[in-house]
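Novice: sequence plus the predicted model coming up.
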Amino acid sequence: MPGVESCHFDGEVRSLILPGAGAIKERILLKDDSSRRIEYSCFESPGALKSHHASMHIVESDGGCRLLWEAKIEPIELEVFVKESMEGSLVQLENVLKNSL
């Protein structure tokens, strides 16, 4: 994610510190290498987040692959913040992949 100050993963919980957002904790609900899918849920954040569930799934597409990333959040007013964060993460991921070729 763009701007992450720190990140720790203990095998189940990913703890992030984000400037402007503070401390966030996400539980990894599913990690399936064979289906190339991960699901996670934010269960602790300093804001007004009531509910969060996200999934990332890599699927074959036209001789390559596509990343499908979905998030369901409440309240819906936080969608703008989550969407911006996801879009920034995608840009960084694209840069990492380009530089690894």
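Specialist: Sure thing, it's come through.
Novice: quick check: phi and psi at the residue nearest the centre of the chain.
Specialist: Compute the mean C-alpha point of the chain, and by C-alpha atoms, centre = their mean the closest residue is M86, 6.4 Å away. Main-chain dihedrals, M86, degrees, to the nearest 10: phi -60, psi -40.
Novice: so K72 touches K50, yeah?
Specialist: No - using C-beta atoms under 8 Å, K72 is not in contact with K50, being 11.2 Å away. (Each C-beta comes from the backbone N, C-alpha and C, glycine too.)
Novice: neighbour count winner among those two?
Specialist: More neighbours surround K72 than the other of K72 and K50, with 13 against 9 (other C-beta atoms under 10 Å).
Novice: and the more buried one, what pLDDT?
Specialist: With respect to pLDDT, K72 has a value of 94.
Novice: likewise for S45?
Specialist: S45 is assigned a predicted lDDT (pLDDT) of 88.
Novice: can you report how many residues lie near it?
Specialist: Neighbours of S45 under the rule other C-beta under 10 Å: 17.
Novice: thought L78 was touching L49?
Specialist: Yes - with contact defined as C-beta under 8 Å, L78 reaches L49; the gap is 6.0 Å.
Novice: gap between the spatially closest residue to the residue nearest to the centre of the chain that is not a sequence neighbour and L93?
Specialist: Leaving out its chain neighbours, the residue that sits closest to M86 by C-beta to C-beta, 6 or more residues apart in numbering is W69, at 6.1 Å. For W69, the distance to L93 equals 10 Å [C-beta to C-beta, to the nearest Å].
Novice: grab the nearest non-local neighbour of L30.
Specialist: E39 (4.1 Å).
Novice: give the next helix or strand downstream of the helix or strand hosting that neighbour.
Specialist: Per DSSP states H and E, E39 falls inside strand 37-44. Using DSSP H and E, the helix or strand that follows strand 37-44 towards the C-terminus is strand 51-61.
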